[in-house]
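Chemist: Sequence first, predicted coordinates after that:
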Amino acid sequence: MSSYLITGGTGLIGTALITQLLNTQHKVIVLTRSINKHRGNIANGVHLIEKLSHIPESDTVDYVINLAGEPIIEHRWSNAQKTKLWVSRVELTHNLISWIQRRKQSPKALISGSAIGWYGDGKAQVLTETSKAHLEYTHSLCAAWESAALKLSNSNVRVCIVRTGLVIHPTGGFLPKLLPSFKLGLGARLGCGTQYMSWIHIEDMINALLFLIADKKPQLDNDKVLEGVFNLSSPAPVTNAEFTKTLADLLQRPSFLIVPSFCLQLILGEMSRLLTTGQRIEPQKLIRAGFKFKYLNLKEALSEVLSLQR
């Protein structure tokens, strides 16, 4: 049995990961801003804390999983909202790293969140972990987030940065927000529809995190351990037009509508770039390390998730 400290444990990915860890008899500590708010939403057996200082020095923490972050698409990117996004990602990670560095006994590994927004608008270019970024807001935010975590890179703590794509989940994330309009036959292509959507099924997401935590890859290359940046998305990204048609077809609804880019810009401002631009991601390092995806086809992934809602 190992001990895990998780930030963002009440979010979409954190909740699913905690369920898996508890099923395998691990000890889980979750850092939260409000114990009272989340006590009823967290699994039994999880120890909730509001400050890192509440973990005694004598308690061993084997793995730190840093998934915290204010939802990036809930509100327009005003200056105040950008501050919230920064504090919940970058400042929290800085504080977490400082805490780890002060402890006498270091964790074995830090798995720290990021997003494929690091690459900015990649257009149709295939993007691997070594690709360069298009400089824009999402890149600057993710780059600072990653830089904070990578301060541990030269220590005895193994560090993995996970750049996550769009997570397909039956009750959380982006999909449930789309379903009402699609079920009414109002599913629409966004802008030109050629922008890529790099997705990952929640089951593959959790299994990939556990794969990185375990660090038991086949020795397929010269890397001795799993560390550095990893793209966590399916190796089968699709365009927005393909996604729209696939979801509409599964729901047996039409998908002939189009929301022009200028309308999205008027409604959402700068945040509209999350919808009108995209990234064609290849999880090169994960595949080379020996990880096997279960869901390699968008239709199969969506079908499985939709079946859980009926």
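Modeler: Ah, there it is.

Chemist: Run through the neighbouring helices and strands of the helix or strand hosting Asp249.
Modeler: Secondary structure from DSSP states H and E places Asp249 in helix 240-250. Counting contacts by 3 or more CB pairs under 8 Å, 6 or more residues apart in numbering; DSSP states H and E, helix 240-250 is packed against helix 175-183, strand 188-190, strand 196-197, helix 298-307. For every residue, glycine as well, the C-beta is placed using N, CA and C.

Chemist: could you give the angle of the longest one to helix 175-183?
Modeler: Put plainly, it is helix 298-307. With axes from the mean of the first three to the mean of the last three CA atoms, to 10 degrees as the basis, helix 298-307 and helix 175-183 are set at 90 degrees to each other.

Chemist: Buried residues of helix 298-307, list them for me.
Modeler: Within helix 298-307, the residues scored as buried using 16 or more other CB atoms under 10 Å are 298, 301-302, 304-306.

Chemist: swap in stretch 77-88?
Modeler: Neighbour-count burial for stretch 77-88 flags 77, 85-86, 88 (criterion: 16+ other CB under 10 Å).

Chemist: same thing with stretch 52-67?
Modeler: Neighbour-count burial for stretch 52-67, with 16+ other CB under 10 Å as criterion, is recorded at 52, 55, 61-67.

Chemist: Let me see the ranges of the helices in the stretch 1-150 of the chain.
Modeler: Counting by DSSP state H, counting those that start in this stretch, residue ranges of the helices within the stretch 1-150 of the chain are 12-23, 35-38, 79-86, 92-102, 137-149.

Chemist: Which of those helices sits closest to Gly45?
Modeler: Each of those has some distance to Gly45 by CB to CB; the shortest is helix 12-23, at 5.5 Å.

Chemist: For that closest one, buried residues please.
Modeler: 12-18, 21-22.

Chemist: residue ranges with poor pLDDT in this structure?
Modeler: Where the chain drops to pLDDT under 70, the residues are 37-41, 217-224, 310.

Chemist: For it, list the residue farthest from the centre, please.
Modeler: Ser58 (31.2 Å; CA atoms, centre = their mean).

Chemist: follow-up on the earlier one: and the buried residues of stretch 77-88 as TSV, adding distance to Trp199?
Modeler: TSV is the format used below for the buried residues of stretch 77-88 (distance: CB to CB, whole Å):
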residue	distance to Trp199
Trp77	23
Leu85	22
Trp86	26
Ser88	23
